[in-house]
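K.L.:
sequence first, predicted coordinates after that:
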Amino acid sequence: MFKFSLICLPAISLAGWLSMFAIKHRSLRVGDMAGLVYHLALVPLVGILPGGPAVKFAGYLWLYMDAFIDVVSINHIGQSVAWSLRMGVHLFAAIWICGVSWELGGIIGWLGLPLGLGLAVHAILLADTPGNKRILGLFVIPMMSAWLLALQRLLLESATGVT
């Protein structure tokens, strides 16, 4: 049962991720709740996916801090403060995603390395540009979705022995 639960986490995270984007423009509160699902579903994977201590630390830091931002946004911290905080923690997301992707290689590497690098570039250089959320969404929604699906496939293959 525990193994099955771990296998399902990328799919659960993906459902939260897509729901977050679909809902947030209509209801920030409900969108941030979906964001909690997206972030917290990935926490157990940090421990089982490859990466050294710095990569794992970055993964935990990203997921817990982004979940924190979801909660403070639900409690009305304000869009601009939440956005600034989120951009800061995207650097840790980039480190974790790149570290895991580098170690796993294959399709996960091909998807995760540009995803992580794009997150870092956006957070550092583009967060204040006009249309910044649109820029982020245009590349991150498909890339993160594909990366989570690739992780899902890897976990299913590992559990079933099918490649």
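P.N.:
Received it, and whenever you're ready, just let me know what you need. Note that the structure is a prediction, hence the values are computed from the model and not measured. Residues are numbered from 1 along each chain as shown.
K.L.:
quick check: buried residues in the lengthiest helix in the chain?
P.N.:
Ranked by residue count under DSSP state H, the longest helix found in the chain is helix 132-160. For helix 132-160, the neighbour count (16 or more other Cβ atoms under 10 Å) marks Leu136, Val140, Met143, Met144, Ala146, Trp147, Leu148, Ala150, Leu151, Gln152, Leu154, Leu155 as buried. C-beta here means a position set from N, CA and C on the backbone, and glycine is covered the same way.
K.L.:
give me the helices and strands touching it, please.
P.N.:
helix 2-24, helix 79-104, helix 106-121 (3 or more Cβ pairs under 8 Å, 6 or more residues apart in numbering; DSSP states H and E).
K.L.:
Leu61 is nearest to which of these?
P.N.:
Across those, the minimum distance to Leu61, taken as Cβ to Cβ, is reached by helix 79-104, at 4.5 Å.
K.L.:
could you pull up the mean pLDDT of the closest one?
P.N.:
The pLDDT scores in helix 79-104 average 96.
K.L.:
flag the shaky bits of this protein, pLDDT-wise.
P.N.:
Counting by pLDDT under 70, the chain contains low-confidence ranges at 1-4, 162-163.
K.L.:
which element is Met33 on?
P.N.:
If you go by DSSP states H and E, Met33 is part of helix 28-48.
K.L.:
need the CA coordinates for that helix. CSV is fine.
P.N.:
In CSV, the C-alpha atoms belonging to helix 28-48 read as follows (Å, rounded to 0.1, in the frame of the first residue of the first chain):
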residue,chain,number,x,y,z
LEU,A,28,-7.3,32.7,-5.4
ARG,A,29,-8.2,30.9,-2.1
VAL,A,30,-9.2,27.6,-3.9
GLY,A,31,-6.3,27.9,-6.3
ASP,A,32,-3.9,28.2,-3.4
MET,A,33,-5.5,25.1,-1.8
ALA,A,34,-4.9,23.2,-5.0
GLY,A,35,-1.3,24.6,-4.9
LEU,A,36,-1.0,23.0,-1.4
VAL,A,37,-1.9,19.6,-2.9
TYR,A,38,0.6,20.1,-5.8
HIS,A,39,3.5,21.0,-3.5
LEU,A,40,2.8,18.6,-0.5
ALA,A,41,2.3,15.6,-2.8
LEU,A,42,5.9,15.9,-3.9
VAL,A,43,7.5,16.0,-0.4
PRO,A,44,7.9,12.2,0.0
LEU,A,45,9.5,12.0,-3.5
VAL,A,46,12.3,14.2,-2.5
GLY,A,47,13.6,11.5,-0.2
ILE,A,48,13.3,8.7,-2.7
